[in-house]
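Enquirer: dropping the sequence and predicted coords here.
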Amino acid sequence: MKKYNVAVVGASGAVGEEILRVIEEIDFPLAKLVPLASARSAGNSVEFNGKEITIKELTESIFKEEEIEIALFSAGGSVSAKYAPFAADAGAVVIDNTSHFRMDEDVPLVVPEVNPEDIAQWSKTGIIANPNCSTIQMVQTLKPLDEAYDLLRVDVSTYQATSGAGKTAMEELVTQMQDFFAFKLDESEHKSFNHQIALNLIPQIDVFLDNDYTKEEIKMVNETTKILHKDVELSATCVRVPVLRGHSEALTLTFDSDVDANEAREILRKSANILIIDNPAESEYPMPATCVDQNETFVGRIRKDLYRDNILHLWVVADNLRVGAATNAVRIAQKWIEMSEIS
Ligand code: A2P
């Protein structure tokens, strides 16, 4: 089997580190791993399969020099905007974790359990986009239920962990908690978020748009339509919560046909990479602590609406750094390999 030269751009970051862990854990056909970051981290090393590998500086020419075939980008939108085209020009397939290319009509936006066939469009630009973390776990759940009941509308509230905003945001939560126990939380700084995140909730993720929704909320609307190839009504309220890892979502789904909660549970149980934890009698349901380091999306609290037969409520939790970023990116790479080896 052919093996591939893989670059991880942003290898010192929260998602980049997780990509290394996921590649380590699975049987990835890897010839060479090249961790890349800014000049700040170049020369430091990352641990991979028990060895230290030196981080190199991201430059325009590095992809050609290292003969990179797969480039996984998670170093922010502006870095992808500038450097992804150089990776693509060097012949690599770029799998981009940022929002920069997601809505470009020539760039496929892929969740492998939902729209793997869209990967075939990758050659238009050389780039495949990874959706937003909160979109990925949601559409994995929506797709099988849409096939069964014909989805019309989604109302979602998210409870998003600080790691979604990177390592410094995680550190900000920890520092503020330490400051709380030192009786100096009121002096604690907040840089990653507009407000204190410790012992708080912030109903704003990313900037507000003219329509009073945040950019994160509108990403969920636009990305869901693009991935499902369907105009679904969607209303999102995205909330940052004082959790380090694991996004949770309360979903209210309206269908064209009547739903049965037990049947919906069985449909989801049979769906790829979804695990059901739904035992109210024993207080068993998914929580952020359940999903850390896991590659599955956890679903529970599945119940019918009290008033309408075509409405279902459920609770979806996944590790945002894995399912919402690294695992999805690596699964796209695996699927791309599978498809390019067949053709
Ligand atoms: P560096 O460590 O050199 O700053 P996080 O999302 O956890 O904040 O991580 C962001 C990742 O993106 C880090 O690996 C960071 O590397 C990388 N990064 C940020 N800016 C650049 C840049 N201009 N060029 C290359 N890598 C960058």
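Expert: Sure, I can see it. Residues are numbered from 1 along each chain as shown.
Enquirer: where do the strands sit along the protein?
Expert: Secondary structure of the chain (DSSP state E): strands at 4-9, 30-37, 45-48, 51-54, 56-57, 70-73, 93-96, 127-129, 151-160, 233-240, 247-255, 274-276, 297-304, 311-318.
Enquirer: nearest to V174 among the ones you listed would be which one?
Expert: Closest of the strands of the chain to V174 is strand 233-240, at 14.9 Å (criterion: CB to CB). Where C-beta positions appear, they are placed from N, C-alpha and C, glycine not excepted.
Enquirer: show me what the closest one is packed against.
Expert: strand 151-160, helix 215-228 (3 or more CB pairs under 8 Å, 6 or more residues apart in numbering; DSSP states H and E).
Enquirer: re the thing from before, redo the strands of the chain as JSON lines? Include distance to R21 and mean pLDDT.
Expert: Putting these into JSON lines (distance: least, CB to CB, whole Å; pLDDT from 0 to 100) gives the following:
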{"stretch": "strand 4-9", "distance to R21": "11", "mean pLDDT": "98"}
{"stretch": "strand 30-37", "distance to R21": "12", "mean pLDDT": "98"}
{"stretch": "strand 45-48", "distance to R21": "9", "mean pLDDT": "97"}
{"stretch": "strand 51-54", "distance to R21": "13", "mean pLDDT": "97"}
{"stretch": "strand 56-57", "distance to R21": "20", "mean pLDDT": "98"}
{"stretch": "strand 70-73", "distance to R21": "13", "mean pLDDT": "98"}
{"stretch": "strand 93-96", "distance to R21": "16", "mean pLDDT": "98"}
{"stretch": "strand 127-129", "distance to R21": "21", "mean pLDDT": "98"}
{"stretch": "strand 151-160", "distance to R21": "21", "mean pLDDT": "98"}
{"stretch": "strand 233-240", "distance to R21": "24", "mean pLDDT": "98"}
{"stretch": "strand 247-255", "distance to R21": "18", "mean pLDDT": "99"}
{"stretch": "strand 274-276", "distance to R21": "19", "mean pLDDT": "98"}
{"stretch": "strand 297-304", "distance to R21": "18", "mean pLDDT": "98"}
{"stretch": "strand 311-318", "distance to R21": "16", "mean pLDDT": "98"}
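Enquirer: ok, the residue in the stretch 1-150 of the chain positioned nearest to the ligand - contacts?
Expert: Residue nearest to the ligand within the stretch 1-150 of the chain (CB to the nearest ligand atom): G13, separated by 2.2 Å. By CB atoms under 8 Å, 6 or more residues apart in numbering, the contact set of G13 is 37, 74-75, 166-167.
Enquirer: tell me which of the helices and strands packed on strand 233-240 sits nearest to Y307.
Expert: strand 151-160 (14.2 Å).
Enquirer: next one: phi and psi at I68?
Expert: phi -70, psi 140 (degrees, to the nearest 10).
Enquirer: what's the pLDDT at it?
Expert: With respect to pLDDT, I68 scores 98.
Enquirer: and for S343?
Expert: So, for S343, pLDDT stands at 72.
Enquirer: circling back to that earlier point, now render the strands of the chain as a markdown table, adding mean neighbour count and distance to M138.
Expert: Formatted as a markdown table, the strands of the chain follow (neighbours: other CB atoms under 10 Å; distance: least, CB to CB, whole Å):
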| stretch | mean neighbour count | distance to M138 |
| --- | --- | --- |
| strand 4-9 | 24 | 26 |
| strand 30-37 | 20 | 30 |
| strand 45-48 | 16 | 31 |
| strand 51-54 | 12 | 34 |
| strand 56-57 | 16 | 36 |
| strand 70-73 | 29 | 22 |
| strand 93-96 | 27 | 20 |
| strand 127-129 | 27 | 16 |
| strand 151-160 | 20 | 6 |
| strand 233-240 | 20 | 9 |
| strand 247-255 | 21 | 6 |
| strand 274-276 | 19 | 12 |
| strand 297-304 | 22 | 9 |
| strand 311-318 | 24 | 6 |
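Enquirer: adding distance to the ligand, write those strands out as a markdown table.
Expert: Shown next, in a markdown table, are the strands of the chain (distance: least, CB to the nearest ligand atom, whole Å):
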| stretch | distance to the ligand |
| --- | --- |
| strand 4-9 | 6 |
| strand 30-37 | 4 |
| strand 45-48 | 10 |
| strand 51-54 | 13 |
| strand 56-57 | 7 |
| strand 70-73 | 9 |
| strand 93-96 | 13 |
| strand 127-129 | 17 |
| strand 151-160 | 14 |
| strand 233-240 | 15 |
| strand 247-255 | 15 |
| strand 274-276 | 27 |
| strand 297-304 | 22 |
| strand 311-318 | 18 |
